[in-house]
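Trainee: here you go, sequence then predicted model.
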Amino acid sequence: MYLAATRAADGKAVTSPAAKVSGTVVALGLVSLVTDMSAEMVTAVLPMYLMYGLGLGYLSLGVLDGVYTGATAVLRLAGGYAADRLGRPKLVAAAGYGLSALTKLGLPLAGGSMTGIGLMVGADRLGKGVRTAPRDALIAAATPPGALGRAFGVHRTLDTAGALLGPLLAWALLAAVTGGYDTVFAASFCLAVAGVLALLFFVRTPPTVDVKRRAALRTAIRAVTAPGVRRIWLLAGLLGLATVGDMFLYLAIQRGMGLPPAVLPLLPLGSALTFMLAATPVGLLADRLGRWRVFVLAHLLLVGGYLALAGPVRGWPVAIGVLVLHGLFYAGSDGVLMAHAGKLLPGEVRATGMAVVQTTQALGRGAAAIGFGVLTQATALGPAFTIAAAALATAVLTAVLIGRKVPA
């Protein structure tokens with residue numbers, strides 16, 4: 001389906017006119033597929049494990065969801081700048097993937113300790129923070145500017161295929177082994193190690209990456225504070241601040257539908273399937289219509305999902321509709337935002353710039369998850385989603401008004 005770049009005798013990358021996506025992008029997508037299978041196995045069982053296995057409340061779930069979402073921000077900047085400073089984004093990405101793999105062994109050792117679980121989840125997210133910007137910089141370096149939406153869409157399609165398979169594997173293991181959370185964590189570790197090995201042995205650094213460069217901190221600061229780039233990460237952070245954590249969305253569907261707790265790990269499949277099918281077409285659409293416009297529109301779709309959860313979830317059509325909107329939101333926001341930022345940032349500080357955008361967005365989402373947990377603990381899921389819908393709609397309107405000067 002996708003034609004990989006071939007290499008000439010001198011070692012330079014040569015891409016045929018018919019090629020759609022470089023071999024580097026496809027290889028990174030396969031690494032993400034395996035790694036996301038590992039990560040989503042844990043993500044899928046965490047709400048059930050915490051709410052029904054350990055008996056925790058909304059506030060504890062919100063704090064952990066906030067750590068899960070926001071902890072990536074702590075090392076995103078360090079990972080991005082290290083990749084630019086060293087000129088070795090693949091090496092920095094491998095370090096992040098390796099850290100996340102090790103945490104899968106720590107989860108069984110944490111037992112029922114909320115502190116231990118929080119530390120392991122936080123360390124896993126730190127690993128994700130280190131690897132994300134260097135990985136996305138590799139994708140951008142291997143892709144012509146006009147095809148960035150397509151390239152990130154293909155990567156996210158493969159990545160989300162892992163997100164689709166991970167919960168299925170976790171559910172199958174729990175069905176086969178009663179209370180087999182440790183079995184899920186062990187299988188997750190094995191997959192994470194396979195992802196690290198695939199990155200080291202099968203991903204080639206694009207020839208456009210200069211391994212001898214040494215990006216200066218002053219250059220990086222100047223690039224990320226340029227007016228066009230600054231608006232992007234500030235508005236991305238604002239929209240993230242009005243976004244509810246995924247765990248609450250799935251929990252609201254499960255409880256609203258009166259489904260048994262064992263079904264909870266399967267609900268992310270609806271979002272993942274939609275994301276996987278839509279990521280590449282939406283990326284192509286973003287290349288044509290404007291990536292920033294598509295990014296903002298994706299958040300407007302999510303407002304519709306929140307409004308549907310504000311009332312009683314009556315029947316599967318409503319539940320499926322929410323999951324589809326959630327998947328379309330990710331298809332139009334995740335890779336599209338990175339494609340937009342990658343086009344505007346100079347190559348020598350691209351990883352750092354992407355890390356700044358990702359950090360502000362992750363910090364916003366992490367704070368939002370904790371705030372939503374506090375709000376839900378004080379009220380209930382329905383009223384909390386009503387307030388969340390209003391907050392996100394206001395943020396979207398603000399992004400539209402202020403974002404008029406952001407390049408499409």
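Mentor: That came through, no problem.
Trainee: where does this protein have low pLDDT?
Mentor: By pLDDT under 70, the weakly predicted segments of the chain are 1-19, 47-56, 61, 64-74, 107-108, 110-114, 118, 179, 208-217, 405-408.
Trainee: which residue is nearest the middle of it?
Mentor: With distances taken as CA atoms, centre = their mean, the residue of the chain nearest its centroid is residue 334 (6.4 Å).
Trainee: report the separation between it and residue 345.
Mentor: Between residue 334 and residue 345 the distance is 17 Å, computed by CB to CB, to the nearest Å. Any C-beta I mention is one placed from the backbone N, CA and C, and that applies to glycine too.
Trainee: picking that back up, how far away is the residue nearest to the centre of the chain from residue 284?
Mentor: Going from residue 334 to residue 284 by CB to CB gives 15 Å.
Trainee: over to residue 88?
Mentor: As it turns out, when the distance is counted by CB to CB, residue 88 lies 31 Å from residue 284.
Trainee: and what of residue 310?
Mentor: Counting by CB to CB, the gap from residue 310 to residue 284 is 33 Å.
Trainee: also residue 253?
Mentor: In this structure, residue 253 and residue 284 are 30 Å apart, going by CB to CB.
Trainee: the more surrounded of those two?
Mentor: Shown here are residue 253 and residue 284; by other CB atoms under 10 Å, residue 253 has more neighbours (25 against 16).
Trainee: thinking again about what came up before, and the residue nearest to the centre of the chain, which helix or strand is it part of?
Mentor: In this assignment (DSSP states H and E), residue 334 forms part of helix 316-344.
Trainee: relative to helix 316-344, how tilted is the next helix or strand after that helix?
Mentor: Toward the C-terminus, helix 316-344 is succeeded by helix 350-378 as the next helix or strand (DSSP H and E). Orientation note: helix 350-378 sits at an angle of 150 degrees relative to helix 316-344 (axes from the mean of the first three to the mean of the last three CA atoms, to 10 degrees).
Trainee: next SSE after helix 350-378?
Mentor: The element immediately downstream of helix 350-378 (helix or strand, assigned by DSSP H and E) is helix 381-402.
Trainee: which other helices and strands contact that following helix?
Mentor: In terms of contacts (3 or more CB pairs under 8 Å, 6 or more residues apart in numbering; DSSP states H and E), helix 381-402 is packed against helix 227-241, helix 246-257, helix 291-310, helix 350-378.
Trainee: run through who's touching the helix or strand hosting residue 76.
Mentor: Following DSSP H and E, one finds residue 76 within helix 72-86. When contacts are taken as CB atoms under 8 Å, 6 or more residues apart in numbering, the neighbours of helix 72-86 outside the stretch itself are 89, 92-93, 96, 125-126, 128-134, 137, 213-215, 217, 220, 348-356, 358-360, 362-363, 366.
Trainee: and for stretch 145-152?
Mentor: Applying CB under 8 Å, 6+ apart, the contact partners of stretch 145-152 are 20-22, 25, 136, 139-140, 142-143, 280, 283-287, 291, 334-336, 338-340, 342-343.
Trainee: isn't residue 234 right up against residue 360?
Mentor: Yes: under the contact definition of CB atoms under 8 Å, residue 234 touches residue 360, with a separation of 6.8 Å.
Trainee: of these two, which one has the most company?
Mentor: When residue 234 and residue 360 are compared for neighbours, residue 360 comes out ahead with 22 against 15, by other CB under 10 Å.
Trainee: what's the closest non-adjacent residue to that one?
Mentor: Closest residue in space to residue 360, ignoring its immediate chain neighbours: residue 237 at 3.4 Å, by CB to CB, 6 or more residues apart in numbering.
Trainee: any idea how far that neighbour lies from residue 401?
Mentor: Applying CB to CB to residue 237 and residue 401 gives a distance of 16 Å.
Trainee: just how off-centre is the helix holding residue 76 within its chain?
Mentor: Using CA atoms, centre = their mean, to the nearest Å, the distance from the centre of helix 72-86 to the centre of the chain it belongs to is 16 Å.
Trainee: stretch 308-322 too?
Mentor: Between the centre of stretch 308-322 and the centre of its host chain there is 24 Å, according to CA atoms, centre = their mean.
Trainee: list the buried residues in that stretch.
Mentor: Counting neighbours by 16 or more other CB atoms under 10 Å, one finds that the buried residues in stretch 308-322 are 308-310, 313, 318-319, 321-322.
Trainee: my guess is the residue nearest to residue 360 contacts residue 361, does it?
Mentor: Yes: with contact defined as CB under 8 Å, residue 237 and residue 361 form a contacting pair (5.9 Å).
Trainee: who has more neighbours out of those two?
Mentor: When residue 237 is set against residue 361 and neighbours are counted by other CB under 10 Å, the residue ahead is residue 361, at 27 against 21.
Trainee: contacting residues for that one?
Mentor: Neighbour list for residue 361: 233, 236-237, 239-240, 337 [criterion: CB under 8 Å, 6+ apart].
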